[in-house]
Structure formats: structure tokens, C-alpha cells
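In: Next comes the sequence, and after it the predicted model I'd like to discuss.
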Amino acid sequence: MAGKIENNRPVDPNAKDIQIQTKLIALIGAVIVFSSVAVAAISLTVFDKKQVKATEEQLVHSADGALRIMDDWIVTLKGYAATTADRHDVRDAIIDDDIDTLKTIINYYSGELDFSFMAFTDAKGNVLVGSDRGPSKGKALNANFAINRAINGNPGHAFETLGDAQFCAAYAYPIKKDAQVIGTVVFAYDLAEGDFVELMTTAYDVECTIFKGDLRIDSSLEGVTGTTLGNPVISEKVLDQGQTYTGENQIKGSEYFSIYAPLKNANGQVTGMLFIAKSLSDIAAIRNTTIKIVAPIALGIAVVLMFLSYLFIRWLMWRISNVTKQLKEMATGEADLTKRVTLRVLDEIGALVINFNAFCDKLQQIIGETKKSKDELASSGESMTASTHDTASAITQIIANIDSISNQITNQSNSVQQTAGAVDEISANIDSLNQMIEHQSSGVSQASAAVEQMIGNISSVNNSVEKMASSFEELQSNANTGFKMQNDVNERILQIETQSEMLQDANTAISSIAEQTNLLAMNAAIEAAHAGEAGKGFAVVADEIRKLSETSSAQSKTIGEQLNKIKAQINEVVAASNESSRSFGVVSQKIQETDQLVMQIKAAMEEQNQGSQQITGALKTMNDSTEEVRAASVEMSNGNKMILQEVQHLQAATLEMKGSMDEMSNGARKINETGAALGDISGQVQNAIGKIGSQIDLFKV
């Protein structure tokens, strides 16, 4: 199916009629919208990640602060317990079962110190007296970790149930009389009171929960106290493995970024957890607020950019349409080549306008020159017709001359063939002489090469002998040096043997000192025993001195054994060194004998080398003579070949000239035949020139 016709050119009916302006606006609009959405999305993603990172850092800081506060509470309880256990009136009251004195002390502490409750127990862990909310009198607390540890004489803390407190931080300290535990004192903070949770919520603005095992006993979150942790991954990592868990967690349908830290007793056992968290809904609220601010701004910027792009594209298309309009006028009007497009801005479109105007200038110049050449072509056509008749008569005369020359060339060709036969016979004789000279030259060259190879081998052997002589000299020097160094080693080994004997004497002196020190420690221990209680500290020092003496004596004995082993090894080294010295002497003697043999071989090789060089000189003289004869033969052969080539060239040129004359004769006859046709062609050329002139006259220049 044919398409429609526009400006005498067919147009594809399937071509889409969409303006470039529409395409550019759509493309730029899509790029602006995509860029705005991408920038906004990337910004929000980065903001969200940074906000989560900041929340994580805040929680880590809050968790560290909470654990430090908990440690401070434990240290405070330790100070209270240690001070109380060290009081004489407390020890006396427990020994005398003076409950009133203990109550007085508890009442005083309750008014002056910060703790939840305290209590005194006997050596079996039974409560003697306690403060309000503390364990009641007579209650057995020996199953509690902190109390049991104190009964065994070791102070320590624990997170456990104590008295009426569901879960508390307690510190128990043993009360001793003459190094024997007569009771304990325990101070505790009740972690279920809410003081710790309220402190963390106020100080760090986070959610806080205290766990007893996996049971929530107090929390800042509403409705979760008394519930258990339903995440087995967290329970295993914190309660079983004693590690801190950090990550997102869901509680009562709300997402939190949380940290679970273990609460450990003095022996490292985990009995509870500390939960610090921040709701992710706060991050979502900040993100939504940011979207509400960023989205309208991005939309406004996109609209402004699209409007500016529309104006810019419209301006570009207006400038392009000016060039299109001018081209259309030139195609459909009177072919006026004097019109030009106005240059407004110097850019890529401006460059298009400049080149378009330059093309019009060039086209105007070409058409103008073509008009001038039209008249010249007309006169040339008339001259061509006259010249054609003159050429026909001249060609007839040329044909007669060509026939005469062709007969002369035939006679010359016969003479050249006879000369070529004689030259071929002379060339064959020279080639035979050249082959005999080649055989002689080849034999002399082979003999010369064999002698030169023998001289090279002799020279190589001579060089190897010289290297061997040099190596033997260096080997002799190294053997002498090794012999001297071996003697030095022997002297140093003797010095080491003397010094080892001195070390043996020193070790004997150390052993004697250790025995005297041991005796002194025993005397000190006896005196400390006589001093009784006042000499216990001195007895400990005497015992340590005795242990040091025993250790020194044992080490001295070990050192003596090692010194004896070292002395025996030194004796073995001395014997081996003497044997090595004797071996060096034998090696040096053998090297000298071998060096003399190498020198004799070197002298014999030098004599053989001189004789070989004389033979080489004689062969070289013979080879030079052969080369001169060979060069003369080659020169004769080359001269004969040149003569033969020239004769062959002459013969070929004669044949070629004969063929050319035949072709010229035939060509001249054809030219004569086409002369008449040229007259008709010149008339046709004049008619064509007239038609071209009528078309060129249509352009206005």
C-alpha cells in the first residue's frame, strides 16, 4: 500500500506523527519525577538507618548506665555489710544473743542509710532479727546463695528472692570471731519496688523491665508485669549463655529495639535479666513527619523544573523551525539562493545555522560558476565537431606508416634469435667452471671450520683449567682460614669449660645459702610459735622463707645436674673439634697436590693451542686464494647473464613492438571507423548543454 506524498517524497503510512518537542518534554519530565522520587527515597532510607543507629547507640549507652547503677548499688550494699560485720558490738551481740542491740543497730541504719531491708543471721543461716519488709525472725536463709556463701566465710552478692521481696539485689557478709563465722549480715535492694525502673525511665527516656529468670517482676511498660518472655532465642542467649542480646523485639504487638543484659550472682550464675528498649513507633513518627515535609517540596521542585524545561524546549524548537522554514521555501519556491537564516545565539543550533548559510553560499557560488561555464561548453562542442573531421584524415595517413614499420620489425626479430643461441652456449660453459670452483671452496671451508672448532675446544679447556687453578687457590685459602677458625673455636671451648667449672662452684655456694636459709626459716617458725597469737604474721613470713629456701635448693640441685651434662657435652665438642682440625690439615695437603697436576695440564694445553693456530693460518691463506678465483668466476657468470638478459629483453621488445604495431594498425582502423560517429556525438553534446543551461537558469544567484 503506497503512502501519502509530501514534497514529492513518499512517507511511510506507519510512521508516528509525534513532535520532538513532545518527546523531549515527556523524557525530561520522567527524568525529573524519577530523580525526585529516588532522591526522596534515598534520603528517607539513609535517615531511617541513621535514626535506628542512633537509637541503638542510645540504648547501648543506657544499658551501660543501668549496669553501672546496678554495680554501684551492689558496691554500696557491700560497704554497708562490710562495715556492719566489722563492728565489735555486733559480734558481741550475736555471741550474747542480744537481740535488742541488733534491733537498735537496724533501726539506726534504716534511718540513716539507703536500702530496702537488712537482717542478721546466726552461723546456720537462721534470722536473728530483720528490718521491716525483711525476713522474719527464725526463718532459715541458708538456701539463699548470698547467705550460704557468707556462712562459708565468703562475702558475695546475689539477685534472688529474700524475705518478702520477690526479687532483690542482696549482699551478705560473714561476721567472724577468731576467724570463725558466728553469723552473717545481709543488706538488700528490692528490685520490684519500681525505684530502679523509674530511675532509668527518667534519666535515659527508655523503657525498662526487671526479669526474675524469664518472669517480668517490674516494668515501665503497661500490662506486662507478671508475664513471661516468649522469645526462646533471647532466653537461651541471656539466661543460658550469659551474653547480652541486642536487636528488635515485639512486645504486646508493639515493635521495640531492645537490649537484654544478664544479672549474675557472685559465682557468675545468671538469675535475672535487665531489659532496656526504645519503641520503633517513635522512629516511624519521625519518618512520617519527614515525608510530609519532603514530598511537597520535591513535588514543587519537579513542577518548576518541568515548566522551565518546557520553556527551554519550546525556544529550541522555535529556532530549529526557522531553519526548517527556510529549507521549505528553497524547495517549493523559485530556488532563491540569496536568502539566509538569521543567527541569534551561538550554540549547537547556531552552528547549524552557520553551516546552513555557508552551504547556501557554496551552492550559490557553484551555480554561478556553472552558468558561466554553460557558454564555454557550447563553443567547445562546435570546436569538437570541426576537430573530428581533421582527425579522420590524419588517422588514414598513420595507418600507412604503421604497415611499413611492421615489416622492418619482422626482419630484426630473426637476427635477435640467432644471437640469443650463441650467448646461451657461452653461459653453459661458465656455469660448469663455477661448479668446480664451488667444490674446491667448500672443501677448504670445511677444513678451516674443523681446525677453528678444535682451537675453540682447546681454548675452552684452557679456560676451564685456569678456573680450576683459581678455584684450588681459593679453596686452599679457605682451608687455611677454616683451620685457623677451628683453632679459635678450640680455645673458646676451653674457656667455656673453665667458666662452667666456675658456675659449678657458684651453684655449690647457692645450695649452701639455701640450706642456711632453710635453717633460719625453721628457727623463725619456732620463735613465732613461742610468740603465740602475736607471732602469726611472722610465722607466715617464716613459712614463705622456708618455701623459698626449699625451692632454691631444688633449683640448685637441678642446675648442678644440668652443669654436669653441659660439661660432658663440652668434652665431646673438644674431642670433635680436635678431629676436625686434623681433617682440615689432610684436606689442605690434598688440595696442594691437585693444584700441581692442574698447572701441568694447563702448560700442555697452551702448547697445543699454538700449533692449532699455525694450521689455521695456512688454511686461511688457501681459502683466500680460492675466494679470489671464485669471485672472478662469479663475475664472468654475472656478465654473461647480463648479456643473455639484454638479448632476451631485445628479443621480447622486438616481439612486443611487432604486436604493438599490429594493435596500432587495428586501432587506427577502428578510430577511422568511429570518426564518423564522433560527428553525431558532438551534435548530441550540444543538445545536452542546451538542456543543462535551461535548468541552471532557474536558480537566482
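Out: Yes, it's here. Residues are numbered from 1 along each chain as shown.

In: buried stuff in the strand ranked longest in the chain?
Out: As assigned by DSSP state E, the longest strand anywhere in the chain is strand 165-177. Neighbour counts over strand 165-177 (16 or more other CB atoms under 10 Å) mark 165-175 as buried. Where you see a C-beta, it was placed from the backbone N, CA and C, and this is true even at glycine.

In: Find the pair from the residues you listed with maximum spatial separation.
Out: Q166 and I175 (27.0 Å; CB to CB).

In: E222: what secondary structure?
Out: State at E222, reduced to three classes by DSSP: H, G, I helix; E, B strand; the rest coil: coil.

In: Number of residues surrounding it?
Out: 7 (other CB atoms under 10 Å).

In: Ramachandran angles for it?
Out: Dihedral angles of E222 (phi, psi; degrees, to the nearest 10) stand at phi -80, psi 140.

In: For it, report the pLDDT, please.
Out: Note on E222: pLDDT of 87.

In: D595 now?
Out: Taking D595 on its own, its pLDDT is 69.

In: Make TSV out of the buried residues of strand 165-177 and add pLDDT and distance to T45.
Out: Converted to TSV, the buried residues of strand 165-177 look like this (pLDDT from 0 to 100; distance: CB to CB, whole Å):
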residue	pLDDT	distance to T45
A165	83	48
Q166	86	45
F167	92	42
C168	92	46
A169	94	43
A170	94	49
Y171	96	49
A172	95	54
Y173	95	56
P174	96	59
I175	94	63
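
In: Columns distance to T290 on top of those residues, output as JSON lines?
Out: Listed next are those as JSON lines, based on distance: CB to CB, whole Å:
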{"residue": "A165", "distance to T290": "46"}
{"residue": "Q166", "distance to T290": "44"}
{"residue": "F167", "distance to T290": "42"}
{"residue": "C168", "distance to T290": "45"}
{"residue": "A169", "distance to T290": "42"}
{"residue": "A170", "distance to T290": "48"}
{"residue": "Y171", "distance to T290": "49"}
{"residue": "A172", "distance to T290": "54"}
{"residue": "Y173", "distance to T290": "56"}
{"residue": "P174", "distance to T290": "60"}
{"residue": "I175", "distance to T290": "62"}
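
In: Which member of those residues is positioned nearest V75?
Out: Looking across those and measuring by CB to CB, the closest to V75 is Y171, at 8.9 Å.

In: wait, the closest one sits on T83?
Out: No. Y171 lies out of contact with T83 (CB atoms under 8 Å); the separation is 11.7 Å.

In: What is the helix or strand following the longest strand of the chain packed up against?
Out: Remark: after strand 165-177, the chain's next helix or strand is strand 180-190, criterion DSSP states H and E. Applying 3 or more CB pairs under 8 Å, 6 or more residues apart in numbering; DSSP states H and E, one finds that strand 180-190 contacts helix 20-85, helix 88-96, strand 117-122, helix 145-151, strand 165-177.

In: please redo it, this time with the cut-off set to 6 Å
Out: helix 20-85, strand 117-122, strand 165-177 (3 or more CB pairs under 6 Å, 6 or more residues apart in numbering; DSSP states H and E).

In: Could you list the buried residues of the following helix or strand past it?
Out: The helix or strand immediately downstream of strand 180-190 is helix 195-204, counting by DSSP H and E. Buried residues in helix 195-204, defined by neighbour count with 16+ other CB under 10 Å: 196-197, 200, 204.

In: same thing with stretch 491-504?
Out: In stretch 491-504, counting by 16+ other CB under 10 Å, buried: I493.

In: do stretch 304-312 as well
Out: 305-306, 309.

In: For this structure, name the helix or strand with the lowest mean pLDDT.
Out: Every helix and strand of the chain was ranked by mean pLDDT, DSSP states H and E. The lowest is strand 5-6, at a mean of 46.

In: you'd agree S511 is up against K557?
Out: No. In this structure, S511 is not within contact of K557 by CB atoms under 6 Å, at 7.1 Å.

In: neighbour-wise, which of those two wins?
Out: Taking neighbours as other CB under 10 Å, S511 and K557 compare with S511 leading, 18 against 13.

In: Just the pLDDT at the more buried one, thanks.
Out: So S511 comes in at 73 (pLDDT).

In: So it belongs to a helix, correct?
Out: Yes. Under three-state DSSP, S511 sits within a helix.

In: mind checking how far it is from W318?
Out: 115 Å (CB to CB, to the nearest Å).

In: what's the answer for P135, then?
Out: 97 Å.

In: neighbour count winner among these two?
Out: With neighbours defined as other CB under 10 Å, P135 and W318 compare such that P135 has more, 25 against 11.

In: quick one, strands of this protein?
Out: So, for the chain - with DSSP E - the strands run 5-6, 9-10, 117-122, 127-130, 156-162, 165-177, 180-190, 207-212, 215-219, 245-251, 254-264, 270-279.

In: possible to save the ones you listed as TSV with distance to V541?
Out: Output for the strands of the chain, formatted as TSV (distance: least, CB to CB, whole Å):
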stretch	distance to V541
strand 5-6	121
strand 9-10	121
strand 117-122	36
strand 127-130	39
strand 156-162	30
strand 165-177	23
strand 180-190	24
strand 207-212	48
strand 215-219	51
strand 245-251	50
strand 254-264	37
strand 270-279	42
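
In: Out of these, name the one with the poorest average pLDDT.
Out: For the strands of the chain, where the average pLDDT is lowest is strand 5-6, sitting at a mean of 46.

In: tell me the mean pLDDT for stretch 627-647?
Out: 68.

In: ok, which stretches of this protein are helices?
Out: For the chain, the helices defined by DSSP state H cover 20-85, 88-96, 99-112, 145-151, 195-204, 232-235, 280-332, 348-531, 536-696.
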